[in-house]
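> Turn this into a structure:
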Amino acid sequence: MTVLGWLVIVVMGSARTLAADPLSIKLAHNSSREMQTAQTLKQVLGKYDLVKYTFTREVVIEERAMNHAFPVLTLNARFADSPDELLSSFIHEQLHWYLRDHDTQQKAAIAELRRMYPNAPVGLPEGADSAYSTYGHLVDCYLQIQADRDLIGPKRSDEVIKNKPWYTSIYKTILRDEDKIRGVVQEHSLEIK
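Okay, here's the model as predicted:
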């Protein structure tokens, strides 16, 4: 599908939520589920102050895709009916952009996490698609949990994380060893300020 074939929705968020730059949401197939997801995302963007968690302003909603950050942040339509889970997924993918911009610190944190957890699982649903990605997701998912708690509170965040069907070992490790992983994140200056 060409860019011209995409429906473009520009979310004109308030200055509070998205500063001066609007977020562009494109629908890959213009399906009703994609439209519903875009509407839910638009509501989420209007409700929460996401300035410190927004690192790219282009989003594609694609019903049959896996969520991913690059080359364009892409969300599937799975959470059209769940604003909390959609918010958490949006933040997770945004954080990949943040970590890409802090590559040196992230690589150092990953090296330390490899030493701490030498047998981390690879492959869904427990781990990510490679060992490097699994260790990187220990940082990304830790930051995601902190952001979720900041925005929707601990109780709703716990419910969202508990229902994640992927990265199950990663989330379990973070929740079990949160203080240790926080130490790594802080040591390598990867906290979101």
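> can you give me the helices for the chain?
Assigned by DSSP state H, the helices in the chain fall at 15-18, 32-47, 83-100, 103-116, 131-162, 168-176, 178-187.
> So residue 55 sits against residue 99, correct?
No. If you go by C-beta atoms under 8 Å, residue 55 and residue 99 don't touch, sitting 9.2 Å apart. Every residue, glycine included, has its C-beta placed from N, CA and C.
> the more surrounded of those two?
Taking neighbours as other C-beta atoms under 10 Å, residue 55 and residue 99 compare with residue 99 leading, 22 against 17.
> Name the nearest residue to that one, ignoring sequence neighbours.
residue 106 (4.8 Å; C-beta to C-beta, 6 or more residues apart in numbering).
> OK, contacts around that neighbour?
Neighbour list for residue 106: 99-100, 136, 139, 188, 190 [criterion: C-beta atoms under 8 Å, 6 or more residues apart in numbering].
> Could you dump the residues you listed into CSV with pLDDT and distance to residue 160 added?
Formatted as CSV, the contacts of residue 106 follow (pLDDT from 0 to 100; distance: C-beta to C-beta, whole Å):
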residue, pLDDT, distance to residue 160
99, 98, 20
100, 97, 24
136, 98, 20
139, 98, 18
188, 98, 26
190, 98, 22
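> out of these, which are buried?
In these, burial by neighbour count holds for 99, 136, 139, 188, 190, counting by 16 or more other C-beta atoms under 10 Å.
> so which of those comes closest to residue 177?
Within those, proximity to residue 177 (C-beta to C-beta) peaks at residue 139, which comes in at 12.9 Å.
> Would you check how far apart the closest residue to that closest one other than its chain neighbours and residue 102 are?
Spatial nearest neighbour of residue 139, excluding adjacent residues (C-beta to C-beta, 6+ apart): residue 109 at 5.4 Å. Separation of residue 109 from residue 102 (C-beta to C-beta, to the nearest Å) stands at 9 Å.
> same thing with residue 36?
Using C-beta to C-beta, we find residue 36 at a distance of 34 Å from residue 102.
> With residue 177 instead?
As judged by C-beta to C-beta, residue 177 and residue 102 stand 22 Å apart.
> What number of neighbouring residues does the residue nearest to residue 193 when sequence neighbours are not counted come out with?
In this structure, residue 193 finds its nearest non-sequential neighbour in residue 52, 7.1 Å apart by C-beta to C-beta, 6+ apart. Neighbour count for residue 52, taken as other C-beta under 10 Å: 12.
> ok, residue 52 to residue 95 distance?
Residue 52 is 11 Å from residue 95, by C-beta to C-beta.
> What of residue 142?
Distance from residue 142 to residue 95, by C-beta to C-beta: 9 Å.
> Alright, calling it a day.
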